[in-house]
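Peer 1: take a look and give me a structure for this.
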Amino acid sequence: MPSPGPTTPLRHEAGSLSTPRPRHGKPVGDFPGTVPDLELIDVGAARSFNVRSHGYPYRTVRWHFHPEYEIHLIVETTGRAFVGDYLGTFGPGNLVMTGPNVPHNWISDTEPGVAVGCRCIFVQFTAEFINNCLGLFPELQDAKPLLLDAQRGIEFPDETGRLVAPVMAALRDATGIERIELFLRLMRHLTDCRNRRLLASVAYRAAPSDYMADSFNHVLAHVRANYTGLLRESELAALCGCSRGALSRKFRRHTGLTFVQYVNRLRIRHACDLLTIGRAKIVDICYQSGFNNLSNFNRQFLQQKRMSPTVFRDCHRLNATRSIEHGRQAPHMLQQGVQE
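Peer 2: Down below sits the predicted model:
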């Protein structure tokens, strides 16, 4: 049987999400047709945007939405793509951009027990960030139609996917000014593409207020707003209208983590931002991130980052120092080059 490719769409009636079916004729489980999960994305104060990658299976692969824009590139595997009320197929090189709150998911056709190391690379940025860029740089006005089209989800042709693949791979590992340079190059490639295809139907509109009516999404939003403070699982269960046991199962099913693991990830991510951009003492960062015990903070940080908070900060300071030294050497090196 031939593998599905990124240009063989399967579309249902406009606006229909109730009974999407894949090729084998069975319902697609708990993704389209149900309320999408809210995914909490923390860009952080030390970055303008997120660049990440993950394999498959992975705990966050589910029918979900978030307020950020996303540029999503498939590196490996084939399968089914869901964007708004669109259902299609994808393969390596499939490049899609989604706008704020547009639900999406990619389900790979892999054999049970088979794990893929890197299935996708994706860039996420807020509407506030990109709107600020538009306000600062008149040259970016050409990107406005792209951002508007993203409200329905955009699929780019294979050649654009191949063009941006090395840019996104480099962006994942870049630091400093190079990140901005590569991001602008990525946006230029997407803006210059005139053969992009809108995925969701003309009538489709994302409905984040409806999604947030779901009790568990309400809990996730509450956690996101209060994770540096005191969070009691019993109070969150009451907010969700269920028992603590049921809430625990919901966390595991929707996020792939326990409640405590989920909150600790948010807190450690926040601690990383504080370690990167400021000079606060480690003990102060511990409490500012929501931990009330320094030994537990150090243990959780070491578990997630494979290094202590002190080593993490020293590494970032070293990186910043080397970048500054390189910048100071550049004019001298350039002058030598001209003389030669």
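Peer 1: Provide a list of residue ranges in the stretch 101-250 of the chain with pLDDT below threshold.
Peer 2: For the stretch 101-250 of the chain, the stretches flagged by pLDDT under 70 are 212-213.
Peer 1: strands of that one, start to end?
Peer 2: For the stretch 101-250 of the chain, strands defined by DSSP state E, counting those that start in this stretch occupy the ranges 104-108, 116-125, 154-156, 197-198.
Peer 1: tell me what angle the longest one forms with strand 104-108.
Peer 2: Inter-element angle recorded for strand 116-125 and strand 104-108: 170 degrees (by axes from the mean of the first three to the mean of the last three C-alpha atoms, to 10 degrees).
Peer 1: ok, back up a step: would CSV of the strands of the stretch 101-250 of the chain with mean neighbour count and distance to residue 305 be doable?
Peer 2: Every C-beta, even on glycine, is put in place using the N, C-alpha and C of the backbone. Formatted as CSV, these follow (neighbours: other C-beta atoms under 10 Å; distance: least, C-beta to C-beta, whole Å):
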stretch, mean neighbour count, distance to residue 305
strand 104-108, 20, 28
strand 116-125, 19, 20
strand 154-156, 23, 34
strand 197-198, 16, 40
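Peer 1: so what's residue 108 up against?
Peer 2: By C-beta atoms under 8 Å, 6 or more residues apart in numbering, the contact set of residue 108 is 56, 77-79, 116, 119.
Peer 1: ok, 10 Å please
Peer 2: By C-beta atoms under 10 Å, 6 or more residues apart in numbering, residue 108 lies in contact with 55-58, 61, 74, 76-80, 90, 114, 116, 119-120.
Peer 1: so what's residue 53 bridging to?
Peer 2: Per DSSP bridges, the residues bridged to residue 53 are residue 121.
Peer 1: rewinding a little: any chance of JSON lines for the strands of the stretch 101-250 of the chain, columns distance to residue 211?
Peer 2: Listed next are the strands of the stretch 101-250 of the chain as JSON lines, based on distance: least, C-beta to C-beta, whole Å:
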{"stretch": "strand 104-108", "distance to residue 211": "13"}
{"stretch": "strand 116-125", "distance to residue 211": "18"}
{"stretch": "strand 154-156", "distance to residue 211": "21"}
{"stretch": "strand 197-198", "distance to residue 211": "21"}
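Peer 1: of these, give the one that comes closest to residue 250.
Peer 2: strand 104-108 (18.1 Å; C-beta to C-beta).
Peer 1: show me the contacts for the spatially most central residue of the chain.
Peer 2: Central residue of the chain (C-alpha atoms, centre = their mean): residue 124, 5.0 Å from the mean position. By C-beta under 10 Å, 6+ apart, the contact set of residue 124 is 39, 41, 43, 49-52, 66-72, 98.
Peer 1: hmm, 6 Å instead?
Peer 2: 41, 50, 68, 70 (C-beta atoms under 6 Å, 6 or more residues apart in numbering).
Peer 1: I'd like to know which of the residues you listed are buried.
Peer 2: Buried members of the contacts of residue 124, counted by 16 or more other C-beta atoms under 10 Å: 41, 50, 68, 70.
Peer 1: give the contact list for the third one.
Peer 2: What it means is residue 68. Contacts for residue 68 (C-beta under 6 Å, 6+ apart) come out as 41, 124, 126.
Peer 1: let's see it at 7 Å
Peer 2: Neighbouring residues of residue 68 by C-beta atoms under 7 Å, 6 or more residues apart in numbering: 41, 100, 124-126.
Peer 1: before we move on, back to that, which of the contacts of residue 108 tops the neighbour count?
Peer 2: residue 90 (27 neighbours; other C-beta atoms under 10 Å).
Peer 1: tell me the pLDDT at it?
Peer 2: Residue 90 carries a pLDDT score of 95 in this model.
Peer 1: among the contacts of residue 68, which one lies nearest to residue 274?
Peer 2: residue 41 (18.1 Å).
Peer 1: quick check: the closest one touching residue 66?
Peer 2: Yes: at 5.2 Å, residue 41 counts as touching residue 66 under the criterion of C-beta atoms under 7 Å.
Peer 1: residue 237: which of the buried ones among the contacts of residue 124 is nearest?
Peer 2: residue 41 (24.5 Å).
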